[in-house]
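Trainee: Here's a sequence, model it:
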Amino acid sequence: MRIAALAGLMLAVASAGAAGDAGLRVQEMYVRSNAKAPPAGKRQRFDFLVFYADGVAYRGDASLFSAGPAALALDDESVRKHLGTYQTLGDEIRVRWPAKETEVMRRRGERLSGAAATRWQRLPKVNALQLHGTYVIAAGTAEPVWIEFGSDATFWDQGVIRHAANRERLEGGVPAPQGGGGTYLLGDYTLTLSYAGGPAATMFFCILPGAKDLARPKRLVLSTRLFELKQ
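Mentor: Numbering: from 1, shown residues only. From the prediction side, this is the model:
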């Protein structure tokens, strides 16, 4: 019975993905609100919960969002164990995860409560947002890693591609630049950096809950790395 149920779930997820080959659309995205801060100098890990418009749910870290959550490869074997399907019934969200009982989550404003007292906080939307400020990687690195965003949609990058996105080469085999400037675009929790006269790169992006000024938040996540506003 469990095998049949799991097979049905994977078929549902695969069917939903087939309809979204041009790119998934994120309905809502949450981060665990009880994540503990790591020891000084250590990299912080974030767990995310994503509800897609086609009924697919994802739970896990951002390491599988190589080009943002809308580009999640549903047919990837390493991704499947993080996938489920969901239904919304009023303030309840029922998520069916692989080989597990259905998890019932309850919505309270910007928060969700799930199984085992898990708490989630909704991430603010970032579509077409224009940032302003310089952000420095929180974990220690051998060399400075920072990015400056201008309110005119320009940026200047020092090592973000090579350190935050952890890419030696971009799509098409183009070597990742050490840094440089260009223009940026935010959409569907994805940051696109278009370098002047060079390549473009996309990565996961989010502003953590609690930001009072979305254009100048104190903390944000690029790829899987936490960045903090330079005061």
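
Trainee: Just the element for residue 78, please.
Mentor: helix 77-80 (DSSP states H and E).

Trainee: Wait, residue 156 touches residue 184, no?
Mentor: No. Residue 156 sits out of contact with residue 184 when judged by Cβ atoms under 8 Å, with a separation of 10.3 Å. Placement of C-beta: from N, CA and C, glycine included.

Trainee: which of these two has more neighbours?
Mentor: residue 184 (20 against 15; other Cβ atoms under 10 Å).

Trainee: continuing past the helix holding residue 78, what's the next helix or strand?
Mentor: Beyond helix 77-80 on the C-terminal side, the first helix or strand identified by DSSP H and E is strand 83-89.

Trainee: could you give the mean pLDDT of that next one?
Mentor: Confidence over strand 83-89, taken as the mean pLDDT, stands at 95.

Trainee: same question, stretch 118-134
Mentor: So the average pLDDT for stretch 118-134 ends up being 94.

Trainee: thinking again about what came up before, which positions in the helix holding residue 78 come out as buried?
Mentor: Within helix 77-80, the residues that qualify as buried are residue 79, counting by 16 or more other Cβ atoms under 10 Å.

Trainee: repeat for stretch 81-99
Mentor: Taking 16+ other Cβ under 10 Å as the neighbour-count basis, stretch 81-99 is seen to contain the buried residues 82-86, 93, 95-97.

Trainee: Pop out the phi and psi values for residue 99.
Mentor: Reported as degrees, to the nearest 10, the phi and psi values for residue 99 are phi 60, psi 20.

Trainee: For it, give me the pLDDT.
Mentor: According to the per-residue confidence, residue 99 scores 75 in pLDDT.

Trainee: Can you give me the distance of it to residue 107?
Mentor: 25 Å (Cβ to Cβ, to the nearest Å).

Trainee: can you give me the helices in the protein?
Mentor: 2-19, 77-80, 160-163 (DSSP state H).

Trainee: doesn't residue 228 make contact with residue 218?
Mentor: Yes. The pair residue 218 and residue 228 passes the contact test of Cβ under 8 Å, sitting 6.6 Å apart.

Trainee: residues in contact with residue 148?
Mentor: With Cβ atoms under 8 Å, 6 or more residues apart in numbering as the criterion, the residues that contact residue 148 are 133-135, 155-157.

Trainee: Could I have the ChimeraX command that selects the buried members from those?
Mentor: A single ChimeraX command selects the buried members of those (16+ other Cβ under 10 Å):
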select :133,135,155,157
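
Trainee: Filter the contacts of residue 148 down to the ones in strands?
Mentor: 133-135, 155-157 (DSSP state E).

Trainee: still on that earlier bit, what sits in contact with each of residue 218 and residue 228?
Mentor: Between them, residue 218 and residue 228 share no contacting residue, judged by Cβ under 8 Å, 6+ apart.

Trainee: Quick check: end-to-end length of stretch 88-107?
Mentor: Taking Cα to Cα, to the nearest Å, stretch 88-107 runs 10 Å from one end to the other.

Trainee: Work out the gap between that stretch and the centre of the chain.
Mentor: Shown here is stretch 88-107, whose average C-alpha point lies 21 Å from the average C-alpha point of the whole chain (Cα atoms, centre = their mean, to the nearest Å).

Trainee: tell me which helix or strand of the chain sits lowest on mean pLDDT?
Mentor: Across the helices and strands of the chain, the lowest-confidence element by mean pLDDT, DSSP states H and E is helix 2-19, at a mean of 46.

Trainee: need the contact list for the closest residue to residue 187 other than its chain neighbours.
Mentor: Using Cβ to Cβ, 6 or more residues apart in numbering and skipping residues adjacent in sequence, the residue nearest residue 187 is residue 127, 5.0 Å away. If a contact means Cβ under 8 Å, 6+ apart, then residue 127 has 186-188 as its contacts.

Trainee: Alright, that wraps it up for me.
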